[in-house]
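1. The following block contains a protein sequence and its predicted model.
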Amino acid sequence: MSKIDLYFNVTKVQIKDCYYLQDKGNITFTELLYLMGGNTERSILFDIKMNDKTVIIYSSVDGHTLKICNKIKDQLLQSNPNIELFSIDDFKEDVTNYDKLIIGASIRYGVHNKIVIDFINSHKKKLDSIKTAFFSVNLVARKSEKSNPATNPYVIKFFKTIDWTPTIVEVFAGKLDYKKYPFFDRIMIQFIMWITKGPTNINTEIEYTNWEKVKKFGMQLGNM
Ligand SMILES: Cc1cc2nc3c(=O)[nH]c(=O)nc-3n(C[C@H](O)[C@H](O)[C@H](O)COP(=O)(O)O)c2cc1C
């Protein structure tokens with residue numbers, strides 16, 4: 001729970017013995033005071049939950065992980081205004097300023113960016129004191145048999161080499177866009193695709209991401 005929050009989520013109001021649901025959603029402190037002062041009944045109890053403060057941190061090279069993060073951010077913003085988004089390179093805040101921290105990172109040549117691993121290692125204790133989630137974005141996850149954290153080789157390897165157990169872990173299939181890649185990268189990805197029976201035509205641009213799965217993950221994050 002945050003120390004300073006200007007928004008409150010009011011879902012229940014009790015007047016005398018009578019409970020009734022008054023879904024006010026997110027209201028500001030001023031609105032809350034107005035709501036309390038404006039009622040003349042003697043005993044008023046508000047079921048008030050302060051909004052969690054959430055930060056989403058991404059490591060993205062071609063912008064697809066960032067796109068997924070933005071989808072999640074927009075989804076979470078519908079019920080909580082306290083959502084922040086940072087590139088891992090720019091994140092300099094204290095982890096414990098947040099109730100929830102989500103890291104999204106893409107795979108390049110078999111690994112997540114080293115900065116992600118360094119960040120987790122150097123913030124391990126603080127990360128363990130709040131709710132956390134991690135998701136990986138890679139092309140191998142386009143195959144159904146490698147599309148969940150227990151079967152995706154990069155996620156399995158990642159958690160074997162790192163001492164961190166997030167509250168939620170997920171994996172999403174990424175984007176293939178040959179035209180965006182420099183020559184060497186294109187040849188390499190074409191080769192990997194050829195081996196794994198994927199598309200090799202250089203005009204290919206495919207988003208393999210299952211957006212319904214992203215939405216479900218977003219819902220899990222909201223309830224985490
Ligand atoms: C140079 C390069 C190397 C990649 N290496 C892998 C890989 O080893 N395994 C894999 O599953 N996907 C690999 N990918 C696919 C990316 O993980 C995928 O395109 C993802 O959507 C990229 O996300 P980003 O735009 O956030 O960096 C690679 C992509 C590129 C361009």
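-> Now that the structure is in, tell me what you want to look at. Worth saying up front: this structure is predicted, and the values here are computed from it rather than measured.

2. okay, CA-based contacts and neighbour counts for the rest of this
-> Will do.

3. does the residue nearest the centre of the chain count as helix, strand or coil?
-> In the chain, the residue lying closest to the centroid (C-alpha atoms, centre = their mean) is residue 102, at 4.4 Å. Per DSSP: H, G, I helix; E, B strand; the rest coil, the local secondary structure of residue 102 is strand.

4. My guess is it contacts residue 53. True?
-> No: in this structure, residue 102 is not within contact of residue 53 by C-alpha atoms under 8 Å, at 11.4 Å.

5. Can you say which helix or strand has the residue lying closest to residue 72 once chain neighbours are set aside in it?
-> Of all residues not flanking residue 72 in the chain, residue 218 sits nearest, at 5.5 Å (C-alpha to C-alpha, 6 or more residues apart in numbering). Using DSSP states H and E, residue 218 sits in helix 211-223.

6. That helix near the ligand anywhere?
-> No: shown here: helix 211-223 not in contact with the ligand (C-alpha under 6 Å from any ligand atom), separated by at least 13.2 Å.

7. Just list what that helix packs against, helices and strands only.
-> Packing partners of helix 211-223 (3 or more C-alpha pairs under 8 Å, 6 or more residues apart in numbering; DSSP states H and E): helix 64-77, strand 168-173.

8. List the buried residues of it.
-> Neighbour-count burial for helix 211-223, counted by 16 or more other C-alpha atoms under 10 Å, picks out 214-215, 217-218, 221-222.

9. now stretch 141-160
-> For stretch 141-160, burial by neighbour count (16+ other C-alpha under 10 Å) applies to 141-142, 146-149, 152, 154-155.

10. Need the CA coordinates for it. CSV is fine.
-> C-alpha atoms of stretch 141-160 as CSV (Å, rounded to 0.1, in the frame of the first residue of the first chain):
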residue,chain,number,x,y,z
ALA,A,141,6.9,-18.7,-27.8
ARG,A,142,4.8,-18.6,-31.1
LYS,A,143,4.9,-22.4,-30.9
SER,A,144,2.1,-23.6,-28.5
GLU,A,145,4.4,-26.2,-26.9
LYS,A,146,6.8,-23.4,-25.9
SER,A,147,4.3,-20.7,-25.1
ASN,A,148,4.1,-20.9,-21.3
PRO,A,149,6.7,-20.2,-18.6
ALA,A,150,7.0,-23.9,-17.7
THR,A,151,7.8,-24.8,-21.4
ASN,A,152,9.6,-21.8,-22.8
PRO,A,153,13.3,-22.5,-22.9
TYR,A,154,14.4,-18.9,-22.3
VAL,A,155,12.1,-18.4,-19.3
ILE,A,156,13.2,-21.8,-17.8
LYS,A,157,16.9,-20.9,-18.3
PHE,A,158,16.4,-17.3,-17.0
PHE,A,159,14.9,-18.5,-13.7
LYS,A,160,17.7,-21.1,-13.3
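
11. Lovely, talk soon.
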